[in-house]
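[1] one predicted model, sequence on top.
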Amino acid sequence: MLLLQPVVLVVVVLVLVVLAVLVALVVLVALVARQVVLAVQVVRPVQVVRPVVRPVVRPVLVQPVVQRLVQLVLVLLQRVLRQWAA
């Protein structure tokens, strides 16, 4: 039973790491896509006859969330390593 607990902790930590990496990749792809869209708009400006009223959208602060997830994964990994060393 004692061998099972560290294995479960390692699996949980690995799953959290994979999730953090996936979130980071999604954020990176979104940022690159946004830059591409902005670059295309600069090259070919859209001619608008009348001004388009757009709703105010608050930016989602994804980067602090990703940083917090990475910190959490590192703390969990540190605890697992301390348990194995003990």
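    Noted; the coordinates are in hand.
[2] tell me the average confidence for the longest helix belonging to the chain?
    For the chain, the longest helix by residue count, based on DSSP state H, is helix 4-43. Here helix 4-43 scores 83 as its mean pLDDT.
[3] could I get the buried residue list for that helix?
    Buried residues in helix 4-43, counted by 16 or more other Cβ atoms under 10 Å: 9, 13, 16-17, 20, 24. The way it works is simple: take the backbone N, C-alpha and C, and place the C-beta from them, glycine included.
[4] helix or strand right after it?
    The first helix or strand that comes after helix 4-43 along the chain, using DSSP states H and E, is helix 62-85.
[5] CA atoms of that following helix as PDB?
    Output of helix 62-85 as PDB, limited to C-alpha atoms (Å, rounded to 0.1, in the frame of the first residue of the first chain):
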ATOM      1  CA  VAL A  62      -4.400  34.000 -18.700                       C
ATOM      2  CA  GLN A  63      -0.700  34.400 -18.000                       C
ATOM      3  CA  PRO A  64      -1.000  34.700 -14.200                       C
ATOM      4  CA  VAL A  65      -3.300  31.700 -14.200                       C
ATOM      5  CA  VAL A  66      -0.700  29.600 -16.100                       C
ATOM      6  CA  GLN A  67       2.100  30.900 -13.800                       C
ATOM      7  CA  ARG A  68       0.000  29.800 -10.800                       C
ATOM      8  CA  LEU A  69      -0.600  26.400 -12.300                       C
ATOM      9  CA  VAL A  70       3.100  25.900 -12.900                       C
ATOM     10  CA  GLN A  71       3.900  27.000  -9.400                       C
ATOM     11  CA  LEU A  72       1.400  24.500  -8.000                       C
ATOM     12  CA  VAL A  73       2.900  21.700 -10.100                       C
ATOM     13  CA  LEU A  74       6.400  22.600  -8.900                       C
ATOM     14  CA  VAL A  75       5.300  22.600  -5.200                       C
ATOM     15  CA  LEU A  76       3.600  19.300  -5.600                       C
ATOM     16  CA  LEU A  77       6.600  17.800  -7.300                       C
ATOM     17  CA  GLN A  78       8.800  19.100  -4.500                       C
ATOM     18  CA  ARG A  79       6.600  17.500  -1.900                       C
ATOM     19  CA  VAL A  80       6.700  14.200  -3.700                       C
ATOM     20  CA  LEU A  81      10.500  14.300  -4.000                       C
ATOM     21  CA  ARG A  82      10.800  15.100  -0.200                       C
ATOM     22  CA  GLN A  83       8.500  12.100   0.600                       C
ATOM     23  CA  TRP A  84      10.700   9.800  -1.500                       C
ATOM     24  CA  ALA A  85      13.900  11.200   0.100                       C
END
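[6] this completes my enquiry, with thanks.
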